[in-house]
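Engineer: next comes the sequence, and after it the predicted model I'd like to discuss.
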Amino acid sequence: MIYGFLIFLTVWTSVSVVSQDSDSTAAVVFEGKTYPLYPEILNHAPGLPSPYTFMGDEIVTAMTRDSNYLLIPVTVEDGTPLHYSSRVGSIFGKDRQLEVDRGDFPVMAQTGLHSESDLDRKEEITGFPIALIDCIGHPGALSYAGFLASDEDILSVLKGDNRLVAGLGFTHPDMAKPLFHVWNILLMEIESGNWARFWDRIPRLLYNGRIVKLDAQGTKGWQISIFQDEIQGRFDISVHSDLLPDEEALLKTRYGFLSQTQFTELRERLTTIHFSEMAPYYIMRYGFYEGHTDYRTDPIAISFIFGLKRLDEIEAIFPESLFQVLTGHYTKSKKAVNATDPSSEN
């Protein structure tokens, strides 16, 4: 199950799949060589970067469980609607991947980041009172796990992660893109008929020089959104990137003061994200990564796992504070650690 309370479908296999409105090329050219795109399989590693943009298509290199390679078009774009509640079964499309809630967050729509002063004045999101969103976002309301930790509130979480993303030097669309790439791989697999409920055909991606391990499975129902929008979730997805020896050494050097339990938690939070397909839509539309729950898509973890920044670069932004930043909750009384001065609390 994704979050706990799910709306159940009667038959998992009653799925009608529609095309993703993509004009993807049949092949990609890099340094004079031509490589066929998904679903064609390569028995050797292609030489192009991953991700790679060719004629407007964003392409990611993936590895099959048989150690072959696939070049998969994963362009972040608006496409066919994604419906889980259709009477004729579920219809899977990309839906509105580029949409930002410009009505509630006009500054974020222009710059990719929230205005904190605008958040301070916010009384509603998507027409629903902040107090209601806080209530249904906590554990045991719309879901067992919750979208916010029990001591967190939506505005503090939005502010905290906005500071975190800005401190990393990114925008919310930057953070959403790699998660959309993962989700779009799953959509391609579903459309091509390669999906089973427990799916393991593509266990690894190559992304900015890192190996990203991928695992996903479907459920028999779907999770509805705390913003009362069309964003829903029906898949459990995990991504992980192992620490390299020099990265492990860096953490041990800088965080030797942690207990073994704390160090293990630091490593886990940095290298693994467990999420549903709701996450990239939430990030793109609202700048929302969820609070400190089991389904949080932490911006630091996104940056590390997908190679947006090296670990030593991340550590330089948050010197000897990664454990605190990754585990500390966003609350009204104890706001987020300032990314420009991680040792301070505001």
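Structural biologist: Great, that's in hand.
Engineer: look up which helix or strand Pro178 falls in, please.
Structural biologist: helix 172-191 (DSSP states H and E).
Engineer: remind me which residues of the stretch 201-346 of the chain are low pLDDT?
Structural biologist: 333-346 (pLDDT under 70).
Engineer: got the residue ranges for the strands in it?
Structural biologist: 204-207, 210-223, 233-240, 272-275, 337-338, 341-345 (DSSP state E, counting those that start in this stretch).
Engineer: need those strands in CSV with mean neighbour count and distance to Val74, can you?
Structural biologist: (Each C-beta comes from the backbone N, C-alpha and C, glycine too.) Formatted as CSV, the strands of the stretch 201-346 of the chain follow (neighbours: other Cβ atoms under 10 Å; distance: least, Cβ to Cβ, whole Å):
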stretch, mean neighbour count, distance to Val74
strand 204-207, 22, 10
strand 210-223, 19, 12
strand 233-240, 20, 14
strand 272-275, 21, 16
strand 337-338, 20, 33
strand 341-345, 12, 33
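Engineer: can you say which of these is nearest to Asp78?
Structural biologist: If you check each of those against Asp78 by Cβ to Cβ, strand 233-240 wins as the nearest, at 19.0 Å.
Engineer: report the angle between the closest one and strand 210-223.
Structural biologist: Strand 233-240 and strand 210-223 meet at an angle of 160 degrees, taking axes from the mean of the first three to the mean of the last three Cα atoms, to 10 degrees as the criterion.
Engineer: now Asn122: phi and psi?
Structural biologist: For residue 122 the amino acid is Lys, not Asn. Dihedral pair for Lys122: phi -70, psi 130, per degrees, to the nearest 10.
Engineer: strands of the stretch 51-200 of the chain, residue ranges please.
Structural biologist: 52-54, 57-63, 69-73, 90-92, 124-125, 128-129, 198-199.
Engineer: what lines up beside the last one in the sheet?
Structural biologist: Each strand pairing with strand 198-199, determined using DSSP bridges, is listed with its direction: strand 210-223 (antiparallel).
Engineer: also the longest one?
Structural biologist: Based on DSSP bridges, the pairing partners of strand 57-63 within the sheet are strand 52-54 (antiparallel), strand 69-73 (antiparallel), strand 204-207 (antiparallel).
Engineer: same question for the fifth one.
Structural biologist: Based on DSSP bridges, the pairing partners of strand 124-125 within the sheet are strand 128-129 (antiparallel).
Engineer: so for the partner strand, what's the average pLDDT?
Structural biologist: For strand 128-129, the mean per-residue pLDDT is 96.
Engineer: number the residues from 47 up from this point.
Structural biologist: In the new count, where the first residue is 47, that last one comes out as strand 174-175.
Engineer: count the residues that sit near the nearest residue to Gly173 once chain neighbours are set aside.
Structural biologist: Leaving aside its sequence neighbours, Gly173 sits nearest to Gln274 (Cβ to Cβ, 6 or more residues apart in numbering; 7.9 Å). Neighbourhood size, Gln274 [other Cβ atoms under 10 Å]: 14.
Engineer: which ones are touching Gln274?
Structural biologist: Shown in contact with Gln274 (Cβ atoms under 8 Å, 6 or more residues apart in numbering): Thr172, Gly173, Phe174.
Engineer: could you dump those to CSV with distance to Arg250?
Structural biologist: Shown next, in CSV, are these (distance: Cβ to Cβ, whole Å):
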residue, distance to Arg250
Thr172, 37
Gly173, 42
Phe174, 40
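Engineer: export the strands of the stretch 97-246 of the chain as JSON lines, with columns for mean neighbour count and distance to Gln370.
Structural biologist: Formatted as JSON lines, these follow (neighbours: other Cβ under 10 Å; distance: least, Cβ to Cβ, whole Å):
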{"stretch": "strand 98-100", "mean neighbour count": "15", "distance to Gln370": "36"}
{"stretch": "strand 103-109", "mean neighbour count": "22", "distance to Gln370": "33"}
{"stretch": "strand 115-119", "mean neighbour count": "23", "distance to Gln370": "37"}
{"stretch": "strand 136-138", "mean neighbour count": "20", "distance to Gln370": "40"}
{"stretch": "strand 170-171", "mean neighbour count": "18", "distance to Gln370": "28"}
{"stretch": "strand 174-175", "mean neighbour count": "12", "distance to Gln370": "32"}
{"stretch": "strand 244-245", "mean neighbour count": "14", "distance to Gln370": "36"}
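Engineer: quick check, distance from the helix holding Pro224 to the centre of its chain.
Structural biologist: Distance, stretch centre to chain centre, for helix 218-237: 8 Å (Cα atoms, centre = their mean, to the nearest Å).
Engineer: returning to that earlier point: list phi and psi for the residue nearest to Gly173.
Structural biologist: The phi/psi pair for Gln274 (degrees, to the nearest 10) is phi 60, psi 40.
Engineer: any idea how far it lies from Leu204?
Structural biologist: Between Gln274 and Leu204 the distance is 17 Å, computed by Cβ to Cβ, to the nearest Å.
Engineer: which of the residues in the helix holding Pro224 are buried?
Structural biologist: Within helix 218-237, the residues that qualify as buried are 218-237, counting by 16 or more other Cβ atoms under 10 Å.
Engineer: same check, this time on stretch 178-187
Structural biologist: Along stretch 178-187, these residues count as buried under the neighbour rule (16+ other Cβ under 10 Å): Ile179, Asp180, Ile182, Gly183, His184, Pro185, Ala187.
Engineer: just how off-centre is it within its chain?
Structural biologist: With Cα atoms, centre = their mean, you get 21 Å for stretch 178-187.
Engineer: much appreciated, bye for now.
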